[in-house]
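Undergrad: Sequence and predicted structure are below.
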Amino acid sequence: MELEIVTDTGAVERIAISNYGEPTLLNKGTSAYAFSFGLPQSFEPGESFLLVNSPWYQRSLSLSPVASGYYQKGIGDNITANVNLHSMINGFGSEGKLHGSTSSAFSVQMRA
């Protein structure tokens, strides 16, 4: 592939690119991951923890923690597997059991 760049002054520069790829694909054996945990912002009275309360600014956090993460693995140079997870804890029910919700997804990305 050849890239031609024309500047405002009319100068032309050509760059030859011999290898390019899909930015979401990983090379074989390469992995990428991330995990985060926190308390989202909330505006529900009684269901949040007030951090800042001033006449011009109010900041409160939900009492329901959220966790999110993903893991990607390059299976081959043209195929990448992905696992995504999102979980939210809604608190304890009247019977003392923890209530929440979890969603997950598995996908495979390929380049022909």
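TA: Perfect, thanks for sending it.
Undergrad: tell me which residues in stretch 57-65 are buried?
TA: Buried residues in stretch 57-65, counted by 16 or more other CB atoms under 10 Å: S60, S62, S64, P65. Yep, even glycine has a C-beta here, placed from its N, CA and C like the rest.
Undergrad: so of these, which ones are in helices?
TA: Among the buried residues of stretch 57-65, no member falls in helices (criterion: DSSP state H).
Undergrad: In a markdown table, list those along with distance to G10 and pLDDT.
TA: Shown next, in a markdown table, are the buried residues of stretch 57-65 (distance: CB to CB, whole Å; pLDDT from 0 to 100):
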| residue | distance to G10 | pLDDT |
| --- | --- | --- |
| S60 | 57 | 83 |
| S62 | 57 | 79 |
| S64 | 59 | 77 |
| P65 | 58 | 82 |
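Undergrad: Relative to R14, which of these is nearest.
TA: Among these, P65 lies closest to R14 (CB to CB), at 53.5 Å.
Undergrad: mind listing what the closest one touches?
TA: By CB atoms under 8 Å, 6 or more residues apart in numbering, P65 lies in contact with F37, G38, L39, M88, I89.
Undergrad: which of those sit farthest apart?
TA: Spatially, the most separated pair among the contacts of P65 is G38 and I89, at 11.9 Å (CB to CB).
Undergrad: Give me the more crowded residue out of those two.
TA: I89 (15 against 11; other CB atoms under 10 Å).
Undergrad: That one contacts S64, correct?
TA: Yes: the criterion here is CB atoms under 8 Å, and I89 meets it with S64 at 5.6 Å.
Undergrad: what does the average pLDDT come to for the helix or strand hosting Y71?
TA: Per DSSP states H and E, Y71 falls inside strand 66-76. Computed over strand 66-76, the mean pLDDT rounds to 89.
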